[in-house]
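Trainee: Here is my input, please return the structure:
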Amino acid sequence: MTQAHGSRARLRARPIRRRIALLLAVPLASLLALWAFAAATTLSDARQRLTFSTVRDEVGDPAGRLTQALQRERSAGVAFLAGGDRAAGAFRDQVAATDGTVADFQEMARSPELREAEGMLPRRLRTISESFDGLRDLRSRIESGSITPLQVIDEYSRVLDDTMRLVAALASIGEVSIYQHSNALLQSYWSLDFMLREDALLRAVRAGARMGTAERAAFAGWAAEGGMLFENARTGVDGEVARLVQRFAESEAYTAYRALEDRVVRAGTAPAASEWRTTVDAALPPWQVMAEEAGYALQTEEVDPASQRVMLRFYLAGGLGLLAVAVSVALSLVFARRIAGELRSLQRTAQQLAHERLPSVVARLRRGDKVDVEAETPRPAAARTTEIVAVGEAFDAVQRTAIGTAVGEAELRENINRVFVSLSWRSQSLLQRQLRLLDEMERGASSPEELEKLFRLDHLTTRMRRHAEGLVILSGSPTVRAWDQPVDAEDVARAAVAEVEDYTRVEVAAVSSAAVHGAVVADVIHLLAELIENATAYSPPTTEVTVKIERVANGLAVEVIDRGVGLHPDELAELNRRVADAVEFDLADDTDRLGLFVVSRLAARHGTRVVLQPSPYGGTTAVVLLPNGLLAADEPQTAASLQAAAGPPPVEAPHRFGRRLDRPRRPAVSAPPASGPGDTAGPPPRRPEPAGGPPPVFEPPAPPEAPPVFEPPSRPEPAPESMPLGAPVHDPSAAPGDPEPSETTGRLPKRIRQRNLAPQLRGRPQGRHAAAAASGAPEGPGEPVEEEPDPESSRALMASLQSGWMRGREEHEEHEADGPGGPADDDPRNGWR
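Mentor: Numbering: from 1, shown residues only. This next block holds a predicted model:
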């Protein structure tokens, strides 16, 4: 249910830019609609202005030339009918000129711009083209004389009227004043055409002759209509156009024309040809000049400013409106990007906290570094949106709480580690005291069965000490055992074997005389002991575990080979990863793999490489590579000289405790002063190293709760199988005072006084005791050996005792814990598989 709900929530998730776009869509659409309406309105006016310019540039001038050509052809045709060869030639020449003008006009009319123009322009052009088709028939009738002059004037005037209507239809620009002025000028030009019609008609009537009824009616109509049109033109304009029209209307030429026209209308007879010709020739040029000047004035004073106003409105409504829309969209995008950017910055800060800063802080805390919460919790990037600022403040509180919690958890973990260390040290102190007590009990044992049990208890105590030391390692603290001198690698391996429960199954094969630095001997012993114990725990009890030691190019290789059931490749890879990565110990999941983490910690501490791989026997081989930096350059301190000075070897363990360690002994190594808190010189060894005799040590009294110093396993080396139970093993280097074998004396082996002391601490036997020691005869009961110590040795011993005691008290007070100590649990779950 929760998963489905989360899936639906993820499906409904949308980017914030899209949501902002949806919020701004309605106002932006409204603004866009208003802009479109204003732009469309102004665009219509702009198109009208463009139409007017097109009419003037492309239609107006050709139409004007066509009108003048038709007017001249009309006059020439009437003159041709009136008679005369010269008139016939002039008519034909004018027809040719008119055809050229018509051809140019038709070429212009066929342009795509005019054909696709809106309004009445295409229809007017088609009408004029059809009128041109009738000119051929009209000309034929003129040349044949089958048409009257009045009919010729009417036919040409019909074509001229279509041309004038074309110009009138295209002269509007949408401005009322411009339309009125343009129409007034067109009426003035039309009035001029009526004067030319009258002139053509009077050319066909003889001077002084009365006009026919039709001619007189036509002349009177033309005069009336022309006068009315001119009057409308004069009163329908203002400004410069009105001034030009008014000036022509008041001119002498125009007044004379109107007076002569009125006289002809009243009299009904044609005036003298010279008088009419003079009057018309005087009025026609000024009239045409007035029309051109008025048109130019209209263009400059009204049409151009109106066009500019139209284009200005178009630019304002279209350009600025579009700019406003674009700015609105741009601002919306900027706001959306800013909000999205602020959110992304907050997201990056959160991811950086989750994936970088918090893991880094936790890692530093695990390393024991101090962490400043203020320095590790920078405030999120400044935002300008109130809600995002609030979210950033909430996130800042979250990260501070997270970092603070991590610091608190680290402090709690550190305190727990201190408790572990304190408990471990207390346990080691008690175990050390227990080992001393066991050593005393072993010295006084009177039967093989009792000695066997004491050896078992001694071995269990040694293992308990290793487990207690494992807690110190898991807590991240260094171990307290250390050596001043390098230790032979084989002795290190045998010491590790001695800390394993089934040590009798382990065989050590060393082909190298390399030595390990004393400072890391304890950790190497612990690491090897964990690996060896794991090998013995997960292999059949009847099989052997082999430990091979060999010097290689990159250091010293130690192989722990078992003959168990092996591991799955995936599990083997996972264990190798954990050992190599030195992952943090997890109390919740990894309590059954304590040995694995102890090995991982020790390997990481000293740069040692540990690899688990299948063994040739089907089990597992643990390969430990000690780097050259952990190996001593010179020969290790051996036990050869120490054995000679230390006296005979101790009593051996019973047979069944040493059947795999019954090889010739190697000399042991002396234990250096310990470096842990409350550390003093180690106690006398309870038993020899698996490879030889015990190291001579100093043991001043230690505080009861001080952690123990390292003591190489002191279990006696087991006797050969053929040797009777409890019989000691004779060493060729033994001192003359060695006890006789049990099969000779018939008694249990007895420990010899000062046998396990360093040569410097041994006193020389005096009197009969010296003789008894030299002869090997046993001392009588209750007869202690009296020796006179050397003054220099006594002074050195007391100085060492005082120095160690003071150091132990100081370090013990520094590391003292509150809780009681106890032995580490010998949990069989310490195995790895």
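Trainee: Mind picking out the helix or strand in this structure with the poorest mean pLDDT?
Mentor: helix 640-646 (a mean of 33; mean pLDDT, DSSP states H and E).
Trainee: Pull out the buried residues from the helix or strand where Leu185 lies.
Mentor: Secondary structure from DSSP states H and E places Leu185 in helix 176-203. Across helix 176-203, burial judged by 16 or more other C-beta atoms under 10 Å covers 178, 181-203. From N, CA and C alone the C-beta is placed, and that goes for glycine too.
Trainee: ok, which stretches of the stretch 351-500 of the chain are helices?
Mentor: Ranges of helices in the stretch 351-500 of the chain, per DSSP state H, counting those that start in this stretch, are 358-366, 373-376, 386-443, 448-474, 489-498.
Trainee: just those helices: most buried one?
Mentor: Burial of those is given as mean neighbour count (mean count of other C-beta atoms under 10 Å); helix 489-498 ranks first at a mean of 27.
Trainee: so what does that helix touch, helix or strand wise?
Mentor: In terms of contacts (3 or more C-beta pairs under 8 Å, 6 or more residues apart in numbering; DSSP states H and E), helix 489-498 is packed against strand 506-510, strand 515-516, helix 521-537, strand 545-552, strand 555-561.
Trainee: what's the least confident stretch among the helices of the stretch 351-500 of the chain?
Mentor: When those are compared on mean pLDDT, helix 373-376 scores lowest, with a mean of 75.
Trainee: what comes into contact with that helix?
Mentor: Contact with helix 373-376 is made by 357, 361, 400, 403-404, 407, as judged by C-beta atoms under 8 Å, 6 or more residues apart in numbering.
Trainee: residue boundaries of the helices in the stretch 1-150 of the chain?
Mentor: Using DSSP H, counting those that start in this stretch, helices in the stretch 1-150 of the chain cover 2-12, 16-54, 61-82, 85-109, 112-115, 121-133, 135-144, 149-170.
Trainee: Spatially nearest residue to Gly470, not counting backbone neighbours?
Mentor: Val598 (4.8 Å; C-beta to C-beta, 6 or more residues apart in numbering).
Trainee: Kindly report the same for Leu322.
Mentor: Using C-beta to C-beta, 6+ apart, the closest residue to Leu322 is Trp35 (6.3 Å).
Trainee: Repeat that for Gly607.
Mentor: Gly607 sits nearest to Pro627 (C-beta to C-beta, 6+ apart), 5.4 Å away.
Trainee: Tell me what the one you found is bridged to.
Mentor: Judged by DSSP bridges, the bridge partners of Pro627 are Gly555.
Trainee: so it touches Asn554, yeah?
Mentor: Yes. Here Pro627 reaches Asn554: they are 6.8 Å apart, a contact under C-beta atoms under 8 Å.
Trainee: circling back to that earlier point, can I get the helices and strands packed on helix 489-498 in JSON lines with mean neighbour count?
Mentor: Shown next, in JSON lines, are those (neighbours: other C-beta atoms under 10 Å):
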{"stretch": "strand 506-510", "mean neighbour count": "20"}
{"stretch": "strand 515-516", "mean neighbour count": "25"}
{"stretch": "helix 521-537", "mean neighbour count": "26"}
{"stretch": "strand 545-552", "mean neighbour count": "19"}
{"stretch": "strand 555-561", "mean neighbour count": "22"}
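Trainee: now those in JSON lines, with mean pLDDT?
Mentor: Shown next, in JSON lines, are those (pLDDT from 0 to 100):
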{"stretch": "strand 506-510", "mean pLDDT": "92"}
{"stretch": "strand 515-516", "mean pLDDT": "93"}
{"stretch": "helix 521-537", "mean pLDDT": "92"}
{"stretch": "strand 545-552", "mean pLDDT": "94"}
{"stretch": "strand 555-561", "mean pLDDT": "95"}
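Trainee: tell me the pLDDT at Arg656?
Mentor: Note on Arg656: pLDDT of 33.
Trainee: i'd like the first residue to be 268 from this point on
Mentor: OK, 268 is where the count begins now, so the last one is Arg923.
Trainee: ok so, going back, closest one to Val775 among the helices of the stretch 268-417 of the chain?
Mentor: helix 269-279 (57.6 Å; C-beta to C-beta).
Trainee: what bits of the stretch 368-517 of the chain have low per-residue confidence?
Mentor: Along the stretch 368-517 of the chain, segments meeting pLDDT under 70 span 380-386, 436-442.
Trainee: related to what we said a few turns ago, rebuild the helices and strands packed on helix 756-765 as a markdown table, extending it with distance to Asp360.
Mentor: As requested, the helices and strands packed on helix 756-765 are exported to a markdown table (distance: least, C-beta to C-beta, whole Å):
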| stretch | distance to Asp360 |
| --- | --- |
| strand 773-777 | 138 |
| strand 782-783 | 134 |
| helix 788-804 | 130 |
| strand 812-819 | 125 |
| strand 822-828 | 125 |
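Trainee: nearest spatial neighbour of Ser455, skipping sequence neighbours?
Mentor: Ala500 (3.7 Å).
Trainee: so the helix or strand harbouring that neighbour versus helix 443-470, what angle?
Mentor: Using DSSP H and E, Ala500 maps to helix 480-502. Going by axes from the mean of the first three to the mean of the last three C-alpha atoms, to 10 degrees, helix 480-502 is angled at 150 degrees with respect to helix 443-470.
Trainee: Now do helix 480-502 and helix 416-437, the angle between them.
Mentor: 20 degrees.
Trainee: Can you give the contact residues for helix 480-502?
Mentor: By C-beta under 8 Å, 6+ apart, helix 480-502 touches 417, 420, 451-452, 454-455, 457-462, 464-465, 468-469, 472, 477-478, 509, 512-513, 516, 525, 528-529, 531-532, 535.
Trainee: make it 6 Å
Mentor: Applying C-beta atoms under 6 Å, 6 or more residues apart in numbering, the set of residues contacting helix 480-502 from outside is 417, 451, 454-455, 457-458, 461, 464-465, 468, 512, 516, 528, 532, 535.
Trainee: Show me what counts as buried in it.
Mentor: For helix 480-502, using 16+ other C-beta under 10 Å, the buried residues are 482-483, 485-487, 489-490, 493-494, 496-497, 499-501.
Trainee: out of those, which one sits closest to Tyr563?
Mentor: Among the buried residues of helix 480-502, and counting by C-beta to C-beta, the member closest to Tyr563 is Ala500, at 15.8 Å.
Trainee: State the distance from that closest one to Pro553.
Mentor: 15 Å (C-beta to C-beta, to the nearest Å).
Trainee: Could you pull up phi and psi at Ser742?
Mentor: phi -80, psi -10 (degrees, to the nearest 10).
Trainee: Could you find the closest non-adjacent residue to it?
Mentor: Asn684 (3.7 Å).
Trainee: Repeat that for Phe461.
Mentor: Excluding the flanking residues, the one nearest Phe461 by C-beta to C-beta, 6+ apart is Gly493, at 3.2 Å.
Trainee: separation between that neighbour and Gly586?
Mentor: 48 Å.
Trainee: what's the answer for Glu422, then?
Mentor: 52 Å.
Trainee: Same check on Arg868?
Mentor: Applying C-beta to C-beta to Arg868 and Gly586 gives a distance of 77 Å.
Trainee: Tell me which of the two has more neighbours.
Mentor: Shown here are Arg868 and Gly586; by other C-beta atoms under 10 Å, Arg868 has more neighbours (21 against 13).
Trainee: what packs against the helix or strand hosting that one?
Mentor: Using DSSP H and E, Arg868 falls within helix 861-873. If you count contacts as 3 or more C-beta pairs under 6 Å, 6 or more residues apart in numbering; DSSP states H and E, helix 861-873 packs onto helix 715-741, helix 788-804.
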